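Q: Just to be clear, the model below is a prediction. Sequence and coordinates:
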Amino acid sequence: MVMTRGQYAGLQLEFAKFLDQTGIWGIVIQDGCYMDDPEDTVKSACNDLINFFPELNSKCFGARENEPIEIINCSSFELYGEVA
């Protein structure tokens, strides 16, 4: 959980750079993601469980530390061609 707008902006820029490096053309961060409000989730979590200084790394995606992650383009036309 970020503590300041600057920390949030920095994390968003790191994520945008990460997406850009995937090589998947046209991938974007949807505007709706900025409207998410984790208030209820945060209220029910202990401070010991909250990371107040998040970093963009493989652990963010549920991987072990320094474990590589695979990015799959699920919107590829090759995967979802017309069936008619």
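A: Perfect, I can see it now.
Q: going forward, measure contacts between C-alpha atoms and count neighbours the same way
A: Fine.
Q: Let's check: the centremost residue of the chain is which one?
A: Nearest to the mean C-alpha position of the chain, by CA atoms, centre = their mean, lies Phe15 at 6.3 Å.
Q: Go ahead and confirm that residue touches Leu56.
A: Yes. Using CA atoms under 8 Å, Phe15 makes contact with Leu56 at a distance of 6.7 Å.
Q: what's the span of stretch 15-24, first residue to last?
A: Terminal residues of stretch 15-24 lie 14 Å apart, using CA to CA, to the nearest Å.
Q: Show the contacting residues for the residue nearest to the centre of the chain.
A: By CA atoms under 8 Å, 6 or more residues apart in numbering, the contact set of Phe15 is Leu56.
Q: Please identify the helix or strand for it.
A: helix 5-20 (DSSP states H and E).
Q: Can you list the buried residues in that helix?
A: Of the residues in helix 5-20, those buried by neighbour count under the rule 16 or more other CA atoms under 10 Å are 7, 11, 15, 19.
Q: Show me what the very next helix or strand once past it is in contact with.
A: Moving toward the C-terminus from helix 5-20, the next helix or strand (DSSP H and E) is helix 39-43. Counting contacts by CA under 8 Å, 6+ apart, no residue outside helix 39-43 touches it.
Q: CA atoms of helix 39-43 as CSV?
A: C-alpha atoms of helix 39-43 as CSV (Å, rounded to 0.1, in the frame of the first residue of the first chain):
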residue,chain,number,x,y,z
GLU,A,39,-10.5,0.8,1.9
ASP,A,40,-12.5,-2.2,3.2
THR,A,41,-9.6,-4.6,2.5
VAL,A,42,-7.1,-2.4,4.2
LYS,A,43,-9.4,-1.9,7.3
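Q: Okay then, goodbye and thanks.
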